Structures are given as C-alpha cells and as structure tokens.
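Novice: A predicted structure for the sequence below; I have some questions about it.
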Amino acid sequence: MPEAAQAMDPAPSPKAIAAPKAKILIVDDDERTAMAVRTALEELGQILVVAHSGEEALHRLLNDDYAVILLDVNMPGMDGYEMASYVRARRKTRHIPIVFLTALFRDDTHLLQAYSAGAVDMVFKPVDPFILRSKVSIFVDLYLKQAEIQREAELRHRLQEENFRVRAEKLTAEQALRRSQEHQEAMERAEAHQRTLIEELNHRVKNMLTVVNAMARQTLASSAGPEDFTEKFVRRIDALGRTHNLLSREQWGNVQLSDIAQESLEPYIIEDKERVLLDGPAVALDPKSALALGIVFHELATNALKHGALSNHCGAVRVRWNVAENGHVALQWQESDGPPVMPPSRGGFGSRLIRLELTHELNGDVELIYQPEGFKLETQFPLAGQVNGMQVQLEGQSWDVR
Amino acid sequence: MSASVSVLVVEDEALIAMDLQALLEEAGYRVLGPANSTAAAMALLDGTDPDVALLDVNLGRSDVFGVANELATRKTKVIFLTGHTVQKLPHAHRHRPLVAKPYLPHVLLQAVQSALAQPEAAA
C-alpha cells in the first residue's frame, strides 16, 4: 500500500487519508482486446494499467502492487502461463490473483493448465463487459478490504507507538522535573543554612566587639596610665584570642578543662614548666564556660606574676580539679613559696572579673583566700549543657544560639 | 540623677554585665542585678517594679522574652540590647526601644533617659 503509506501524517486520523484505489494490470498483446477490457472496467473507478507483453507486465509488477492481473494466455514471446509462473514464484507478487483471458477452447486440459499456472478464474474472449466487471470487482473489493484492514492495523500500531512515545516523554519530563525540584530544594536548604550561619556569625562578632569595648572601658578604669592600660588590655585580648583558637579547633564544640588551662597559662609557664602544675581528670566544657574559665585563668596568672607565687624565682602554682558526686566541678588554684601575701585593700578589676566570671557565667561559688603561705582560690561550678559544636546549636530557634 | 531610679540589668556575659553596671551607676542609677538568666531576673523582680529594664535578648541557649512578657504587665520601661536586628524581636515587643551591640555609652544612657520620659501608658 505505497499510496496510503505516503499519505500518512505523523499523527494521522483515519478520515485524513484518501480512500486508496486498487490497481488492475491488464496484460494483452492485442490492442483491441486491451482497449475492450479497459473500457469494460473503467466504471469500477480504479487504476487501470495496460501492458502489451509478459516482460512489460513483469516490469510493472516490480514497482507496484496490484489487486488483480488480467492475463492474456496467448502472447508472442513470454506467454500467459510462463508469466503466471514468474508471478507465483516471486514472493512480492505471489498473492496477486490472476484471471486468464483466453480465446482457446474450454477444454479440460487447457483449464487444468491455467489453474495449475496459478489462475483463480478464467474469462473467455470475446470479453463480456458485464461478466468481466463483476468478476474483477470481487477481486477489487477483496483487495480494498484487505488494504483497509492493513491500513487500520498500521494506524493502530502507529497510534500505539505514539502513545508509548508520549508516555515515555512524559515520564522523562516528570523525572527531570523531580530532579530539578530536588535540586532546588537542596539549594534552598543550603541557602537557608548559610543565612543562619551568617546571622549567627554576625551576632557573635557584635557580641565579641561589645565584650572588647567593655574590657577596654573596665581596664581603663583600673589602670594607672596609658602604658599600664595597654599592657593589661592587650594581654586580656590575647587571652580571649587563645580560648577562641581552642574553640575554633574544636569547631565550637566542647573543650577539655586541661586544654583551657594549658592554653591560658602557656605564656606564664613557658620558661619553667615545673612551677605551674595542672592536675585533674578529663572534664569537657561547653564554649561559654570555656571562654569564662579562660578569662579566670588569665587573671589568676597575671596576678600571680605581679604579686604572687610567679613573681619570684621559687614560687609555684598548683591547679587541681575533680568532678564531685553532684556533677559539679571543684577547682582549686593554690599558690606556694611566693612572697608574703597581702590582701588587696579594695577589690581590683581583676578579682571582680574572676568572681563575676565564675558566678555569673559559670553559675558557681567562689572563694578567694589570702593565706600567708600563698593565695588560694576555690570554686565549684555545675557543668552546663554539653554541645556538639555549632551545628547542634543552630538547629534551634535563632534565639537559641549564642 | 535621683538614686531612686532603678534599672534592672539582664545580661549573661560577665564582662558586658560589669560594664553596664558601671556605666549606669556612674550615671547615678541604682542597678538591680545584673541577672544572668530569666530565673535570676524573676527572683529580682519579686515585689519590686524597677523603673527601667535593660534586657540582653540572648541568654545562653535561652532568651529574655519571659522577663519582657512579665514586665509588659508592669510599669517598668523595657529596653532591649542585642547584636541582632529588630526583625528578630517577637511582634509583641517590636515597638520597644532597642540598643544595638556593640553599644556606645552615651547612646545607652540616652535610651534609658528616653524610656523614663515616656508616659506610663506606653507599655
């Protein structure tokens, strides 16, 4: 069905296809007979093709499909029987019905030869137009019905393929959309996380600047002059920086009490490690407690260096801590072999800061004891809620973070 | 400045609390606190209505809004102190004055004065 196939659009509808016509091949070397047959069949409204020899007819059959072949038996050169045998032998033409046109006697031998050559019917010359037309119209109808069935099958097949294709496209599009949505969501989550981190960082920086301002004002209020102020202020900021370094290393998670002591006292014990002894079990502190304790150690060491056990060549400091049964940390700073201890006339900024860090930041108790044999500090503070770094803190409300 | 003007200070950072106390006392105010938590602030407020309350918004892993809500029912003027923006305040408290961290001493003291000058009905 080449015509029908060519008429098909990518998305065909049955009505859009012109009704196909059947081709009828008339093979006769006699022009008069050919014309007579042609005239008889014209009113069938199909396509009539005339060939004047077996060779010409075979040539026609190479290119096109025919509903029926009307074949003259007696032709010069290749006769009707031979031509019929070729038609039957070829796979592409084997199915085409052959009606023999013959003027020969209607004897049995002849009929037998005709049918065995592949004829489905015989028409005798001179041709009766009515008989010929009715016989041929049967084959035409048959052909057209078959063509239509085939066409419908093809159409159904195409529609099915189209349906599959559309469904596959839809599926692909849906998958792409889902991937894009997932990507979008991941981007949004990452952006939200980043915003929270930036907000948190912003808040911390502002808080730290406020602490530095407060440190400057309070240090100034207790300084003897610009040089004294600079020395004290720079050292206090250095101490804050040291604890921050430690917290950065732990990604703002818990840090060990011994590490805070080590870090804060390092500038004072570098010359002679024997003079400052640290002794206590592993105690993990949250960042807020760590920062407070760092300040406390710094103030204690500064004081020891200026007035206490680290101000001469033989004094020593022993820092001991343990965890009590109630979960509180008990810490002791004991100085020995220093110069005679003189209780300060009025609480200086250093000792006020020590007290406030331990009570206000660590919610602890503190006692500063000015014994003749050496200054002593005793404190107890509860372990604050432990954290696992910045991530955990960020999971809560914005106000839940520090 | 009358010594009878009292200011509640809620600030968990020891150094900042110390600084606020010194600034306010130098300016002649009587400081209540400083408190480092909502519980400590509530204890200080038991039976007393301070004239002004200076509230740091972040208190460790908690916030100060419990105290602010309590003070909204009293004549105390509330001032927030924070490194965050005003958008982070709950709606109920967004109209209240806010002093940004890091603060300048004169800005802080001006905020206290302005709060005191507000008519009673402002809360």
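Specialist: Yes, it's here.

Novice: What's the local residue count around residue 41?
Specialist: By default, I'm working from chain A. Using other C-beta atoms under 10 Å in any protein chain shown, A:Leu41 is surrounded by 22 other residues. The way it works is simple: take the backbone N, C-alpha and C, and place the C-beta from them, glycine included.

Novice: I was thinking of chain B, sorry if that wasn't clear
Specialist: Neighbour count for B:Ala41, taken as other C-beta under 10 Å: 25.

Novice: That one is in contact with B:Val9, isn't it?
Specialist: No - checked against C-beta atoms under 8 Å, the pair B:Ala41 and B:Val9 is beyond contact range at 9.1 Å.

Novice: list residues touching both of those two?
Specialist: Common contact partners of B:Ala41 and B:Val9 (C-beta atoms under 8 Å, 6 or more residues apart in numbering or on different chains): B:33, B:35.

Novice: How about the contacts made by the residue nearest to the spatial centre of chain B?
Specialist: Of all residues in chain B, the one closest to the mean position by C-alpha atoms, centre = their mean is B:Leu54, 1.1 Å from it. B:Leu54 makes contacts with B:7-11, B:20, B:24, B:79, B:81, B:99, B:108, B:112, as judged by C-beta under 8 Å, 6+ apart.

Novice: Which parts of chain B are helices?
Specialist: B:14-26, B:38-45, B:65-72, B:105-117 (DSSP state H).

Novice: For A:Glu367, find the nearest of those.
Specialist: helix B:14-26 (17.5 Å; C-beta to C-beta).

Novice: Give me the three-state assignment for the closest residue to A:Glu367 other than its chain neighbours.
Specialist: Closest residue in space to A:Glu367, ignoring its immediate chain neighbours: A:Glu378 at 4.8 Å, by C-beta to C-beta, 6 or more residues apart in numbering or on different chains. In terms of secondary structure, A:Glu378 is strand; the call rests on DSSP: H, G, I helix; E, B strand; the rest coil.

Novice: A:Glu378 and A:Asn303, how far apart?
Specialist: In this view, A:Glu378 and A:Asn303 are 15 Å apart by C-beta to C-beta, to the nearest Å.

Novice: now swap in A:Tyr370 and tell me
Specialist: Separation of A:Tyr370 from A:Asn303 (C-beta to C-beta) stands at 11 Å.

Novice: Looking at those two, which is more packed in?
Specialist: A:Asn303 (23 against 12).

Novice: isn't the more buried one right up against A:Leu353?
Specialist: No - counting by C-beta under 8 Å, A:Asn303 does not reach A:Leu353; the two are 10.6 Å apart.

Novice: who in chain B is up against chain A?
Specialist: B:12-20, B:22-23, B:34, B:36, B:57-58, B:60-63, B:65, B:83-84, B:88, B:100-103, B:105 (C-beta under 8 Å from any C-beta of the partner chain).

Novice: Just the buried residues of those residues.
Specialist: With neighbours counted by 16 or more other C-beta atoms under 10 Å in any protein chain shown, the residues of chain B next to chain A contain buried members at B:12-20, B:22-23, B:34, B:36, B:57-58, B:60-61, B:63, B:65, B:83-84, B:88, B:100-103, B:105.

Novice: just to revisit the earlier point, buried deepest among the helices of chain B, which one?
Specialist: Counting by mean count of other C-beta atoms under 10 Å in any protein chain shown, helix B:14-26 has the highest mean neighbour count of these, with a mean of 22.

Novice: Now do that one: everything it contacts.
Specialist: Residues from elsewhere that reach helix B:14-26 (C-beta under 8 Å, 6+ apart): A:210-211, A:213-215, A:217-218, A:221, A:292, A:295, A:352-353, A:356-357, A:360-361, B:7, B:9, B:11, B:31, B:33-34, B:36, B:54, B:56, B:105, B:108-109, B:112.

Novice: For ChimeraX, what selects the buried ones among the residues you listed?
Specialist: A single ChimeraX command selects the buried members of these (16+ other C-beta under 10 Å):
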select /A:210,211,213,214,215,218,292,295,352,353,356,357,360,361 /B:7,9,11,31,33,34,36,54,56,105,108,109,112
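
Novice: Would you mind listing where chain B has pLDDT under the threshold?
Specialist: Chain B contains residues with pLDDT under 70 at B:1-3, B:120-123.

Novice: 90 instead?
Specialist: Residue ranges of chain B with pLDDT under 90: B:1-4, B:12-13, B:33, B:36-49, B:57-76, B:82-98, B:100-101, B:115-123.
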